[in-house]
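Visitor: here is my input; please provide its structure:
(one chain, ligands or ions: 2)
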Amino acid sequence: MTKGNRLLHTMLRVRDLEKSMDFYCTHLGMTLLRRTEHPEGRFTLAFLGYGAESDHTVLELTHNWDRTEAYDLGDAFGHIAIGVQDIYSVCEALEAQGIEVPRKPGPMKHGTTVIAFVRDPDGYMIEFIER
Ligand SMILES: C[C@@H](O)C(=O)SC[C@H](NC(=O)CC[C@H](N)C(=O)O)C(=O)NCC(=O)O
Ligand code: NI
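Guide: Ligands and ions are numbered 1, 2, ... in the order given. This next block holds a predicted model:
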């Protein structure tokens, strides 16, 4: 069953696609891989990542055109993790760009992995892990 399976994407519903793309592309350095408009369903899909979908797991941002109110993120979803080199410089640069880093870089609680967390425009937590 598992031979050949691949984790393809994580889908996040976003309220303001341009704002989310600015966060993930301008500030987190992702590339817009493809964008498809679906007028019959009144939604747009934008696939972003750090490389081609043929060999990278990517983000699928879903923008429902008629959705104005904030999404309820609930208390089950945790985070999406991004591996970075020099987590301290990454977080410093983001703060200089006006992006808050609510959980500053340092060893995780009850562990040694060096992590940090930022929130995306919809409030989803994004974890940085020093590689
Ligand atoms: C290894 C890295 O990918 C992690 O995500 S560990 C981060 C760590 N997670 C937890 O503590 C999970 C249990 C917790 N009760 C929960 O349900 O979230 C974490 O979030 N640490 C917080 C910190 O500030 O270090
Ligand atoms: Ni994690």
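Visitor: can you get me a residue count around the closest residue to Pro107 other than its chain neighbours?
Guide: Closest residue to Pro107 apart from its sequence neighbours, by C-beta to C-beta, 6 or more residues apart in numbering: Val114 at 5.7 Å. C-beta: built from backbone N, CA, C; applies to glycine. Neighbour count of Val114, defined by other C-beta atoms under 10 Å: 16.
Visitor: Val114 and Pro105 touch, don't they?
Guide: Yes: using C-beta atoms under 8 Å, Val114 is in contact with Pro105, at 6.1 Å.
Visitor: now do the shared contacts for those two.
Guide: 87, 130 (C-beta atoms under 8 Å, 6 or more residues apart in numbering).
Visitor: residues in contact with the residue nearest to Pro107?
Guide: 87, 105-108, 129-130.
Visitor: what distance do you get for it to ligand 1?
Guide: Going from Val114 to ligand 1 by C-beta to the nearest ligand atom, to the nearest Å gives 10 Å.
Visitor: name the residues of the protein found near ligand 2, please.
Guide: Where proximity means C-beta under 5 Å from the ion, the interface of the chain facing ligand 2 comprises 81, 127.
Visitor: longest helix of the chain?
Guide: Assignment by DSSP state H gives helix 87-96 as the longest helix of the chain.
Visitor: show me which positions of that one end up buried.
Guide: Within helix 87-96, the residues that count as buried by 16 or more other C-beta atoms under 10 Å are 87, 90-91, 94.
Visitor: what do you get for stretch 21-29?
Guide: In stretch 21-29, counting by 16+ other C-beta under 10 Å, buried: 21, 23-24, 28.
Visitor: so which of the residues you listed belong to strands?
Guide: Using DSSP state E, no member of these falls in strands.
Visitor: what's the closest of those residues to Leu59?
Guide: Set against Leu59, the nearest of the buried residues of stretch 21-29 by C-beta to C-beta is Tyr24 (6.6 Å).
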